[in-house]
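Peer 1: Sequence below, structure please.
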Amino acid sequence: MISFTSYDGTVLVCHERGEGPALVCLPGGPGRSSRYLGDLGGLAARRRLFLLDNRGTGESAAPLDPGTYAMGRMVADVEALRVRLGFERMDLLGHSAAGGLALLYAARHPERIGHLVLVTPSVHPAGIEITDEQWYAQIERRAGESWYESRLPDLRAWEAGDESRRLSAQPFFYSPWNETAEAHAARFAERSVEAAERFHTGVPAAEETRAGLAKVTAPVLVIAGEQDPGPSPEHTAELAGLFPRGTGIVLPGAHYPWVTAPETFAEAIEGFLGR
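Peer 2: Below you'll find the model as predicted:
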């Protein structure tokens, strides 16, 4: 475990796991600790993972100013971690909401990126919108599964703001929905509501972010889950196209491909990172 002080005095914690070349990992949620990332489908056997607990989550302290939960301001936490680890350039992975955070970091600090991996990332910071029609077109692809009819009301209620239905809606974000997926969803359901509610604020204009992404000369891999409602493979392909050296791939699974297709996931990232 590595602790360090960020720009505003908040003490943050990063967990080190595995051996090999370093890969800095940002958890999404938003508001979830890095525990749910696990060993990223066995990637820790090939990489030394540095798993950040974002402020107010896991073992990291909550900030005195709740406004610093804003995604745009948390870019400074990622930079503080890079400085603490002593990396001139770093390989960086962001999942889901933290894919958006990694996007903003890369746009602001393109010279600090060695490789960038975005796993089922938030695409909104880059100005890519997921329409209701696109979202539900992906959702309806699961209509033939046994749990679909009973869980669809949970999904709609959660989307309408009923946080108590969040866990019941999780089958739509794992594929297949099996015992492994159910155990992962239940074990790592906890998150900081305050951190989650404030995360999607302080985001620069999409035009500014896109201009920054165009300066990222490092290789970029954007991963979609085949059954993920958001982002869909079409959205991740569009995002990959914003980078000079961006590549988009589609893996089996949905929003958590390392849980339900661990070997395929780890091999895809290792093949991209190389060396």
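Peer 1: Name the spans of the protein whose pLDDT lies under the cut-off.
Peer 2: 275 (pLDDT under 70).
Peer 1: Determine the longest helix present in the protein.
Peer 2: Counting residues, the longest helix found in the chain (DSSP state H) is helix 71-85.
Peer 1: From residue 122, how far out is residue 52?
Peer 2: 16 Å (Cβ to Cβ, to the nearest Å). Bear in mind the C-beta positions are built from the backbone N, C-alpha and C, glycine included.
Peer 1: Sheet partners, orientation included, of the helix or strand just after the longest helix of the chain?
Peer 2: Downstream of helix 71-85, the next assigned helix or strand under DSSP states H and E is strand 90-95. Here strand 90-95 has these sheet partners by DSSP bridges: strand 22-26 (parallel), strand 113-119 (parallel).
Peer 1: For those strands, could you give me TSV that also reports mean neighbour count?
Peer 2: TSV is the format used below for the strands paired with strand 90-95 (neighbours: other Cβ atoms under 10 Å):
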stretch	mean neighbour count
strand 22-26	23
strand 113-119	24
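Peer 1: Nearest spatial neighbour of residue 49, chain-adjacent residues omitted?
Peer 2: Of all residues not flanking residue 49 in the chain, residue 17 sits nearest, at 4.7 Å (Cβ to Cβ, 6 or more residues apart in numbering).
Peer 1: Verify the stated contact: the one you found with residue 47.
Peer 2: No - Residue 17 is beyond contact range of residue 47, at 9.1 Å (criterion: Cβ atoms under 8 Å).
Peer 1: Those two: which has the busier surroundings?
Peer 2: residue 47 (24 against 17; other Cβ atoms under 10 Å).
Peer 1: how about residue 150, phi and psi?
Peer 2: Per-residue torsions, residue 150: phi -80, psi -30 (degrees, to the nearest 10).
Peer 1: burial measure for it, as a count.
Peer 2: 10.
Peer 1: and if you look at residue 217?
Peer 2: 12.
Peer 1: pretty sure it is in a helix, no?
Peer 2: No - using DSSP: H, G, I helix; E, B strand; the rest coil, the secondary structure at residue 217 is coil, not a helix.
Peer 1: wait, what's in contact with it?
Peer 2: Residue 217 sits next to 110, 244-245 when contact means Cβ atoms under 8 Å, 6 or more residues apart in numbering.
Peer 1: right, and the secondary structure at the closest residue to residue 96 other than its chain neighbours would be what?
Peer 2: Nearest non-adjacent residue to residue 96, counting by Cβ to Cβ, 6+ apart: residue 28, 3.0 Å away. Following three-state DSSP, we place residue 28 in the coil state.
Peer 1: in the sheet, who's paired with the residue nearest the centre of the chain?
Peer 2: For the chain, the residue lying nearest the average C-alpha position, counting by Cα atoms, centre = their mean, turns out to be residue 95 (1.4 Å). Beta-bridge pairing for residue 95 (DSSP bridges): residue 119.
Peer 1: If anything else comes up later, I'll come back, but that's it for now.
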